[in-house]
Structure formats: structure tokens, C-alpha cells
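S.K.: Below is the sequence, then the predicted model.
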Amino acid sequence: MKILAIDSSSKPASAAVADDSHILSEVYVNNGFTHSKTLMNVVKDAIDLSDIDVSDIDLIVCVTGPGSFTGVRIGVACAKGIAFPNNTPCVGISTLEAMAYNCMSFDGYVCAIMDARCSQIYTATFKVHFGTVERITEDRAVSISQLVEELKALDSVVYLLGDGAHLIKKAADDEKFILTNESIRYQKASGALYAALNKTDYIAPDQLVPVYLRLPQAERELKNKLKGSDKQ
């Protein structure tokens with residue numbers, strides 16, 4: 001089965017192509033340009049380098065959030081645009097779960113953390129054991145202090161992933177918290193691809209949607225404004 005995976009949920013953009021579990025190509029860009037300028041080129045390069053045609057793709061994997069509201073929407077739109085012509089099946093993968101699969105050869109707990117601003121983080125914890133990844137918590141938006149207390153209660157080392165990993169490392173001040181190397185710390189399309197190998201709930205392209213843990217800032221501000229006007 002030929003698989004295309006796409007991720008643009010944060011600052012980097014990446015795409016990977018695999019034949020079953022064998023990665024044929026992966027393109028990763030973190031150059032500061034917007035995904036609207038880079039993502040389609042990244043996807044095209046990954047497909048070209050894998051020496052397959054778009055029509056050969058049997059499954060499209062897309063990271064659907066949490067993350068940058070704009071970045072997630074661009075990734076989903078890109079995946080749909082590629083999938084619609086041939087009605088190619090799709091699967092959405094959590095950004096946090098995709099990160100965990102970067103460490104699937106480890107042994108211990110893996111905590112994926114994204115800086116959600118406004119004194120919150122997006123996070124999920126997984127137990128990894130030499131190739132297997134078990135989800136321990138759902139994707140959540142919590143405070144730094146809450147997550148630190150939860151992780152301190154775990155019975156082994158905790159590997160920290162994501163652009164919010166340093167926030168937890170600094171707040172915890174505990175040797176059992178290990179900041180992963182930058183080469184695997186951030187989400188990549190290949191992580192989403194490996195996560196998708198354990199999924200069977202494929203969906204039609206029109207069912208692929210972003211997954212947000214909280215409302216976009218504009219909607220939150222509008223909601224607060226409406227609340228304020230109700231009190232007047």
C-alpha cells in the first residue's frame with residue numbers, strides 16, 4: 001500500500017511517502033516561510049522523490065491538530081485536494097500522537113507538549129516500549145503546573161517532545177524528565193505515517209476535518225465580547 005503523509009500543524013512542514021511501513025521519501029522544511037508557500041512544493045518533492053504517481057497513492061494521512069489553526073487548515077485542505085480526484089481514503093492523526101511515534105523505539109513514557117500560549121499547553125502522554133506505542137491520556141489543553149504534577153507521579157523516565165517540552169523541563173527541575181534531541185523532538189510526517197499503520201478507521205476525503213482543543217483566538221475574543229455585552 002502506497003501512503004502519503006502530510007503535516008503542517010506547526011512551524012515546520014513535512015511530507016512522507018511509504019510503501020507499507022517502508023519510507024520511500026521524506027521532505028522536511030523549517031525555513032520560516034508560510035505553509036501556503038511551501039507545503040505543496042514539499043508534498044510534490046516527496047512524491048517525485050519516491051518515484052510514484054499521485055494516482056498510485058492508496059491512503060492519505062494528515063495531521064489534523066492540535067496546533068496552529070491556520071497551519072492545520074492548510075494541511076487538511078492540501079490532503080483533501082489530493083484525495084478528491086480519486087476519492088482516496090484518508091486518516092487524520094493527532095499532532096501529539098505523531099510526535100510520540102518519533103520515539104517508538106524508546107522504553108518509557110513519552111509526553112508530547114505544544115505551547116498553546118495563554119498559560120496553557122496542548123499535551124498527551126504515551127507509554128512506549130521498543131516499537132509499541134500506548135496512549136495513556138487523551139489530547140488535552142492544561143496548565144504547565146498540572147502536567148508537571150501528573151508526570152512526576154509516573155514510575156519511570158519521561159521523554160519530552162514538542163515545542164513546549166522546554167517549558168515542562170524548566171518547571172519540573174527533575175532528572176527523570178529528559179528533553180529529547182531536536183532531530184526527533186518535533187512532529188514529522190513520518191511519525192504520522194507510522195501512527196496511521198495502526199489505524200483502520202479510514203474516511204472519505206470530505207470527512208477529513210481539523211481537530212481543535214479550543215476555539216481559535218478570533219472566536220474566543222468574539223465570545224468574550226458577546227458575554228461582556230450581555231452583562232451591560
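M.R.: Everything's here; your move. The structure presented is a predicted model; accordingly, all values stated were derived computationally and were not measured. Residues are numbered from 1 along each chain as shown.
S.K.: Spit out the contact partners of the residue nearest the centre of the chain.
M.R.: Nearest to the mean C-alpha position of the chain, by Cα atoms, centre = their mean, lies residue 95 at 1.6 Å. Taking Cβ atoms under 8 Å, 6 or more residues apart in numbering as the criterion, residue 95 is in contact with 7, 9-10, 63-67, 72, 112, 114, 122, 187. All C-beta spots, glycine's among them, are computed from the backbone N, C-alpha and C.
S.K.: Excluding residues flanking it in the chain, which one is nearest it?
M.R.: Nearest non-adjacent residue to residue 95, counting by Cβ to Cβ, 6 or more residues apart in numbering: residue 9, 4.4 Å away.
S.K.: now do residue 40
M.R.: Using Cβ to Cβ, 6+ apart, the nearest residue to residue 40 is residue 78, at 6.5 Å.
S.K.: And the helices in the protein?
M.R.: Using DSSP state H, the helices of the chain run over residues 35-50, 69-83, 95-100, 144-152, 165-172, 182-185, 189-196, 217-231.
S.K.: Tell me where the model's unsure across this structure.
M.R.: Where the chain drops to pLDDT under 70, the residues are 215-232.
S.K.: can you give me the offset of stretch 46-55 from its chain's centre?
M.R.: 23 Å (Cα atoms, centre = their mean, to the nearest Å).
S.K.: What is the end-to-end distance of it?
M.R.: Using Cα to Cα, to the nearest Å, one end of stretch 46-55 lies 14 Å from the other.
S.K.: what does that stretch rub up against?
M.R.: 2, 4, 15-17, 24-27, 57, 82, 86, 189.
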